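Student: just to be clear, the model below is a prediction. Sequence and coordinates:
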Amino acid sequence: MSAGTGTAGTGRLITGVAWALLVLGLWLWGREATDGPGGAAAPTTGDIAAAGRPLGVPLPPAHAPVEPATPSRVEIPSLGIAAPVVPRGLDDTGAVDPPPYEMPQSVGWFERGARPGADGSAVFVGHVDTETRPAVFYGLSSARPGARVRVTRSDRSVAEFTVDDVRVVPRDHFDAHEVYGQRRAGRAELRLITCGGSFDRTAGAYTANVV
C-alpha cells in the first residue's frame, strides 16, 4: 500500500490501503447470498465476467494495515456504486446472513471478521437483484483490475482498495481458502461478494461465484 493521507468525502483518505481480491461470490454465503429470487433482472454474465488480472495493469504498493474501525459506506466510482454498509452475523444455520431483501441497496459486512483497512480479509456481501429489479451489486461482475473501492469508516477515515483480480468459480468447484482466505499475512484485504453465473430456477440458486 502506498502511504498517504488527504481529504476525501467525510474524512482522511488512506490511499492504496490494500490490493483487493475482488470476490463476487462465496460458497459460505451460498444459501443466502447466492440463493435468491432470480428475477427478470438476474444477470447471466457471471461466467464471462472475468479472466484474471490482465498483464500490464499497474497496482499501487500496499500500505501497512491501519487501526481497526467499523465500515459505514462503500463506493466503487467506476461502477456507480455508493451504498451504506450494515453489520451482519450468522443465521441460525451457521451461514453468513446478508442484508434482507427489503434492503437491496445496502451492503452487509461480516462483523466477526476483519475490519476494512486492518490486517486480514474484510468481507462484504450484497444482493445482485430482487424479483423485480437490480440490487446494489448488480454491476459488480463488470469490475476490472485497477478499479478503486473506497470504504468510509467510523473514525472518519476512508480506506481505499485497488481491485487486484476477478475470477469465476463454479459453485461445485469452490475452494474456500482460495476465495476468502488472506492472500498475504500482515496485509489488509477486501472481499466483495455477490451472485454470478445464471440462475437455476430448479435449484433456486445461481450457478457460479465470480471471484
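Tutor: Now that the structure is in, tell me what you want to look at. Residues are numbered from 1 along each chain as shown.

Student: ok, V66 touching S157?
Tutor: Yes - if you go by C-beta atoms under 8 Å, V66 and S157 touch, sitting 7.2 Å apart. The C-beta positions use only the backbone N, C-alpha and C, and glycine is treated the same way.

Student: now the strands for this protein?
Tutor: 7-8, 11-22, 71-76, 81-88, 107-110, 120-125, 148-153, 158-166, 168-170, 188-193, 196-200, 205-210 (DSSP state E).

Student: which of the ones you listed sits most buried?
Tutor: strand 188-193 (a mean of 28; mean count of other C-beta atoms under 10 Å).

Student: helices or strands up against that one?
Tutor: strand 11-22, strand 120-125, strand 148-153, strand 158-166 (3 or more C-beta pairs under 8 Å, 6 or more residues apart in numbering; DSSP states H and E).

Student: sheet-wise, list the partners of that strand with their directions.
Tutor: With DSSP bridges as the test, strand 188-193 is paired with strand 120-125 (parallel).

Student: show residues contacting the strand it pairs with.
Tutor: With C-beta atoms under 8 Å, 6 or more residues apart in numbering as the test, strand 120-125 has contacts from 21, 26, 29, 33, 71, 74, 85, 88, 96, 98-99, 107-110, 113-116, 151, 180-183, 188-194.

Student: and it with strand 71-76, angle?
Tutor: Here strand 120-125 runs at an angle of 80 degrees relative to strand 71-76 (axes from the mean of the first three to the mean of the last three C-alpha atoms, to 10 degrees).

Student: not counting sequence-adjacent ones, nearest residue to D200?
Tutor: T207 (5.6 Å; C-beta to C-beta, 6 or more residues apart in numbering).
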